[in-house]
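Engineer: need a structure here:
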Amino acid sequence: MPGFERMDVDDVVVRMLAGTVPMKLRVSKVTNQVITCGDWEFDRATGAEIDELLGWGPPPLTTGSYLDPSKTELSNPTANSREN
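Structural biologist: This next block holds a predicted model:
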């Protein structure tokens with residue numbers, strides 16, 4: 001499954017809550033390790049939601065939601081296609 005290496009601000013991602021409930025979110029910030037969508041943070045390598053209060057995060061932690069990379073809508077596919 002492709003990762004999130006081409007992710008950029010204003011892309012639209014789908015958060016899968018409990019693996020079954022889809023929720024579209026707009027990307028507000030991207031770093032080398034974290035994708036931020038408003039109040040939610042996700043691991044850039046795995047898409048796992050990061051929530052320190054719940055103890056969620058990428059392996060070895062568990063998570064209750066994740067981003068589905070196959071449903072990502074790139075805001076500018078040409079700009080996002082260049083290598084980081």
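
Engineer: drop to CA atoms for contacts and neighbour counts, all remaining ones
Structural biologist: OK.

Engineer: got a list of what D39 touches?
Structural biologist: Not one residue lies near D39 by Cα atoms under 8 Å, 6 or more residues apart in numbering.

Engineer: could you measure it against E49, distance?
Structural biologist: 11 Å (Cα to Cα, to the nearest Å).

Engineer: same check, this time on V9
Structural biologist: Distance of V9 to E49, given as Cα to Cα: 17 Å.

Engineer: Neighbour count: those two, which is higher?
Structural biologist: Counted by other Cα atoms under 10 Å, V9 and E49 do not tie: E49 has more neighbours, with 26 against 16.

Engineer: quick one: contacts for the more buried one?
Structural biologist: By Cα under 8 Å, 6+ apart, the residues touching E49 are 40-43, 56-58, 63-67.

Engineer: buried subset of the residues you listed?
Structural biologist: Those of those that meet the buried threshold are 41-43, 56-58, 63-67, by 16 or more other Cα atoms under 10 Å.

Engineer: Go through stretch 45-57 and flag the buried ones.
Structural biologist: Buried residues in stretch 45-57, counted by 16+ other Cα under 10 Å: 46-50, 56-57.

Engineer: Send over the strand or helix carrying E41 as PDB, restricted to the C-alpha atoms.
Structural biologist: In the assignment (DSSP states H and E), E41 maps to strand 40-43. C-alpha atoms of strand 40-43 as PDB (Å, rounded to 0.1, in the frame of the first residue of the first chain):
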ATOM      1  CA  TRP A  40      -5.800  15.300  14.600                       C
ATOM      2  CA  GLU A  41      -2.300  14.100  14.100                       C
ATOM      3  CA  PHE A  42      -1.200  11.000  12.200                       C
ATOM      4  CA  ASP A  43       2.100   9.200  11.700                       C
END
